[in-house]
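after the sequence you'll find the predicted model.
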Amino acid sequence: MMKMESNDEMLANIHPTAVISESAHIGKDVTIGPYCVIGDYVEIGDGSIIGPHAVIDRWTTLGKGCRVFQFASVGAEPQDLKFKGEKSWTVIGDRTTIREGATIHRATGEGNETRIGSDCLLMAYVHIAHNCTLGNRVIMSNLASCSGHATVEDRVVIGGMAGVHQFVKIGRNAMVGGMSKLVQDVVPYTLVDGHPAKVVGLNNVGISRAGIPLESRRLIKQAYKILYRSGLSLPEAIAVIEQEVDSCDEVEHFLRFLRNAERGICRERRDFEGN
């Protein structure tokens, strides 16, 4: 490695074979490995590590303490016929890990962005398409993919080889089984699985690990039963939850998500007897 001064006059470890645009901004204590390509107007936060052969394309912002492993591609042009070369962004938070061969595309539409939060783990060969939004502490297992404009809220876990249809939303603290096909929105705090995906209960382990209080967990379970076990339509279930379930942050988020489920929601698997 050689030492190279970044724009803030701090030293970074840059391999001599790396190709770095003069307009890129490299933070302090950044490591950039052999044969990396860092494009125009890229910003790499302090303490980040970019592995061999990785490509960070133009107009990408990478937060502090991130890791990008070998052969990953971050910020490339979207696979979208509507894209005409406009200026758009890829924004990634702090301490996010992007493993081998993962691909993340910048947005379609002038000034739009693909955004990934902090403390995420995107395993090998994950794909995040244009205009997607991922929250914080999201885990996507190997070969899982999000199509364009998908939204994944905080603390979601997506199993390997799962496919998320464009514009689908996955609510916070949900878990998606491996190889699932998601064509409708996944309600917060639920566990879904299948092809197409169906709800198989509450994600009790994820809810507990998130530190949600016991009383809030009880209220989530009450709201879940009204939604999935009462035989009510979605608007009717929302009205009953509003009237019968005590308010807390988790229940209010549950209701907000249901009110804004534009693609419909994953329904419960009928042969399942769970929570």
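The structure has been received and is ready for your questions.

identify each buried residue in stretch 20-36, please.
Neighbour-count burial for stretch 20-36 flags 20, 24, 26, 27, 29, 30, 31, 32, 33, 36 (criterion: 16 or more other CB atoms under 10 Å). Just so you know, the C-beta spots here come from the backbone N, C-alpha and C atoms, and that holds for glycine as well.

now, the residues you listed that are in strands?
Counted as lying in strands by DSSP state E, out of the buried residues of stretch 20-36, are 20, 26, 31, 32.

just the pLDDT at the first one, thanks.
When you say that, I think you mean residue 20. The score at residue 20 is 97. That number is its pLDDT.

what of the third one?
Looking at residue 31, its pLDDT stands at 97.

all numbers from here: first residue = 46
Done: numbering now begins at 46, and the last item shifts to residue 76.

list the contacts for it?
The neighbours of residue 76, taking CB atoms under 8 Å, 6 or more residues apart in numbering as the test, are 46, 57, 58, 93, 94, 95.

give me the beta-bridge partners of it?
residue 58, residue 94 (DSSP bridges).

repeat for the first one
When bridges are called by DSSP bridges, residue 65 pairs up with residue 83.

can you check the second one too?
On the basis of DSSP bridges, residue 71 is bridged to residue 89.

skip the chain neighbours and tell me the closest residue to residue 84.
Residue nearest to residue 84 in three dimensions, not counting chain neighbours: residue 103, with 4.0 Å by CB to CB, 6 or more residues apart in numbering.

need the contact list for residue 203.
Residue 203 makes contacts with 183, 184, 185, 186, 189, 197, 209, 215, 220, 221, as judged by CB under 8 Å, 6+ apart.

my bad, should have said residue 121
For residue 121, the contacting residues are 100, 102, 148, 149, 150, 151, by CB under 8 Å, 6+ apart.

how far away is the spatially closest residue to residue 180 that is not a sequence neighbour from residue 61?
Excluding the flanking residues, the one nearest residue 180 by CB to CB, 6+ apart is residue 199, at 3.8 Å. Relative to residue 61, residue 199 is positioned 40 Å away (CB to CB, to the nearest Å).
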